[in-house]
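Student: Provided below for reference: sequence and predicted model.
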Amino acid sequence: MKPLLIALSSFALIMAGCSKKAPVASTPKAPDTTPVAAARPSNNSRPATRSTTSAPPQVARTSSPRTMPQQVRNTLNQELAKLQDALFDFDKSTIRPDATTALKDDVGVIRDILAAYPSQKLLIEGHADERGSEEYNLALGDRRAQSVKDFLISMGIPTNQLTLISYGKDRPVCSDATEACWQRNRRANIVAAQ
C-alpha cells in the first residue's frame, strides 16, 4: 500500500508541475509582444534600434514605389502609342529596311521614356498573321520580338529594361483575309510592362 501511495503522490506532483508550466510558457509570449509595442512610442534605446532597423525598408518602399500611379502610367502609354510597329515579311523575322527606319525613329522616344522611368521595363510583343499553326506562329512571334530587342540593344537601349512575349496569331489588329491585313498583323510592338 505504501508503494501505491508514493506512486500516486509522485504522479500528483508531476501533474501539478506540468499544469503550472503551461501557463508560464504562454505568459512570456504576451510580455514580449506588449513591451515592444509599448516601447516604440516611448523611444527607449532598445526599441529605437528595432524601429531604426525596420525604417529603411519602409522608406525604400515610399521613395521607389513598385506600382506606378495611374496618371503616370497613362502618360507612359500615350508616349509608347506614338511608336511605330516593326513590320515583317511573311514567314520572316529579319528586320526589313522600313522596320529599321521605324525603330531608329523610335529609339529617341524609348531613351526618353527609360530616362524618365528608370525602373520601368518595356515589353516587346511579337505577332504573326493567322496563317500557320498556333505553335509555329508563337515561335515566329518570339523570333520577331527577339530581332527587335537585339536591334534596340545595338542602338544603346539597356537590355535589362527590355522583356519579350509572343502572342503568335492571338492578337490581330486586323481580321480581313487580305495581304494588307496580314501585313499589319506581322509585327512587333513595344508596350509598358506591368
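Tutor: Yep, it's here.
Student: next structured bit after the helix or strand of the chain with the lowest mean pLDDT?
Tutor: Ranking every helix and strand in the chain by mean pLDDT, DSSP states H and E puts helix 45-63 at the bottom, with a mean of 32. Using DSSP states H and E, the helix or strand that follows helix 45-63 in sequence is helix 70-81.
Student: which ones are touching Asp142?
Tutor: When contacts are counted by C-beta atoms under 8 Å, 6 or more residues apart in numbering, Asp142 touches Gly126, Leu164, Ser166. Every C-beta, even on glycine, is put in place using the N, C-alpha and C of the backbone.
Student: quick one: the helices in this protein?
Tutor: 2-42, 45-63, 70-81, 97-116, 134-154, 179-185 (DSSP state H).
Student: roughly how far does the closest residue to Ser93 other than its chain neighbours sit from Pro118?
Tutor: In space, and not counting its chain neighbours, Ser93 is closest to Arg143: 3.7 Å by C-beta to C-beta, 6 or more residues apart in numbering. Distance, Arg143 to Pro118, by C-beta to C-beta, to the nearest Å: 29 Å.
Student: the more surrounded of the two?
Tutor: The residue with more neighbours, out of Arg143 and Pro118, is Arg143; 18 against 9, by other C-beta atoms under 10 Å.
Student: I'd say that one and Ile95 touch.
Tutor: No - Arg143 is beyond contact range of Ile95, at 11.1 Å (criterion: C-beta atoms under 8 Å).
Student: shared neighbours, those two?
Tutor: Overlap of the contact sets of Arg143 and Ile95 (by C-beta under 8 Å, 6+ apart) is empty.
Student: number of residues surrounding Met68?
Tutor: Met68 sits with 16 neighbouring residues when counted by other C-beta under 10 Å.
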